[in-house]
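> Would you be able to build a 3D model of this:
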Amino acid sequence: MAVAAVVLGPQHLFVQSGLFFAGMAVVTFGGAYAVLAYVAQRAVVDFGWLTSTQMLDGLALAETTPGPLILVVQFVAFVAGYQVDGIAGGVLAAFIALWATFVPCFLWIFLGAPYVESLRHQTSLAAALAAITAAVVGVILNLALWFALHALFTQMSPEPLPATQLHVPHLSSLNVPLAALTLLSMVLTFTARWSTSRTLLVMSAAGVVVNMLVS
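As a prediction, the model looks like this:
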């Protein structure tokens with residue numbers, strides 16, 4: 001990566017994506033859904049590699065098969081690379097993301113495995129992990145809210161806040177059919193107490209019908 005930074009420059013997409021995904025693999029905790037909130041914000045807001053609609057497509061694609069994290073990572077990297085150098089750039093960026101994501105994870109496993117049992121008995125570490133678990137719940141909630149807002153509203157306005165910014169939806173841009181489907185799914189889940197598989201089956205069929213009618 002250091003050689004690539006010298007040859008291509010630190011601002012090149014391949015260098016930025018390699019450093020970003022490697023750093024993500026090292027410092028993030030809490031499983032795929034906690035990591036995806038971080039990836040979505042950085043890829044869409046900070047780097048501008050893809051739009052929020054494309055990010056939603058990637059998240060939806062990931063939910064169709066097991067392994068949501070690596071699918072979204074590959075999707076984000078490919079779309080970013082494709083915009084720079086077509087199919088070849090997309091494939092290369094996806095390969096860099098795959099390598100940068102998994103190598104740090106394997107290093108953590110191989111280097112930390114001999115010490116796992118001894119770490120379990122350290123009360124200070126247990127308290128830290130409990131705090132991380134609580135924080136992860138908030139991070140996953142953040143992803144759910146980001147997903148819902150960008151799916152239900154087509155227009156958002158960034159409002160500056162101290163050290164961050166808040167994206168406020170335009171109420172006039174509400175996707176009414178999707179909002180109706182969302183409300184129906186909540187009724188089936190929380191009021192009718194339908195099972196997850198039954199709800200998913202019915203909502204998938206309803207989504208296809210609504211999409212055909214709207215189109």
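
> switch to C-alpha atoms for all contacts and neighbour counts from now on
Fine.

> can you list the weak-confidence ranges in this protein?
Low-confidence segments of the chain, defined by pLDDT under 70: 1-9, 28-31, 66-68, 116-117, 119-120, 163-165.

> So in the protein, which helix runs the longest?
The longest helix of the chain (DSSP state H) is helix 68-112.

> For burial, what's the neighbour tally of residue 97?
Residue 97 sits with 25 neighbouring residues when counted by other CA atoms under 10 Å.

> An error on my part: the question was meant for residue 202.
When neighbours are counted by other CA under 10 Å, residue 202 registers 12.

> can you give me the strands in the chain?
156-161, 164-169 (DSSP state E).

> Output those strands in CSV, with distance to residue 90 and mean neighbour count appended to each entry.
Formatted as CSV, these follow (distance: least, CA to CA, whole Å; neighbours: other CA atoms under 10 Å):
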stretch, distance to residue 90, mean neighbour count
strand 156-161, 28, 11
strand 164-169, 29, 12
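
> what domains does the record give for this protein?
As assigned by automatic domain parsing, the chain contains the domains 2-172, 175-214.

> and the last one, how far from the chain's centre?
For domain 175-214, the separation from the chain centroid amounts to 23 Å (computed by CA atoms, centre = their mean, to the nearest Å).

> cool, and the longest one?
Centre-to-centre, domain 2-172 and its host chain are 5 Å apart (CA atoms, centre = their mean).

> Next up, the contacts around the residue nearest to the spatial centre of the chain.
In the chain, the centroid-proximal residue (CA atoms, centre = their mean) is residue 36; its distance is 2.5 Å. By CA atoms under 8 Å, 6 or more residues apart in numbering, the contact list for residue 36 reads 69, 72, 143.

> Out of those, who's the most crowded?
residue 72 (24 neighbours).

> Let me know the distance separating it from residue 39.
Counting by CA to CA, to the nearest Å, the gap from residue 72 to residue 39 is 9 Å.

> again, but for residue 89
Distance, residue 89 to residue 39, using CA to CA: 20 Å.

> And for residue 112?
The gap separating residue 112 from residue 39 is 25 Å, by CA to CA.

> of those two, who's got more company?
More neighbours surround residue 39 than the other of residue 112 and residue 39, with 21 against 12 (other CA under 10 Å).

> follow-up on the earlier one: for residue 103, which of the strands of the chain is the nearest?
In terms of CA to CA, the element of the strands of the chain nearest to residue 103 is strand 164-169, at 31.1 Å.

> Skipping adjacent residues, who's closest to residue 154 in space?
residue 173 (5.4 Å; CA to CA, 6 or more residues apart in numbering).

> Identify the residues contacting that neighbour.
Residue 173 neighbours (CA under 8 Å, 6+ apart): 153, 154, 155.

> ok, back up a step: out of the domains of the chain, which one sits most buried?
Burial of the domains of the chain is given as mean neighbour count (mean count of other CA atoms under 10 Å); domain 2-172 ranks first at a mean of 16.
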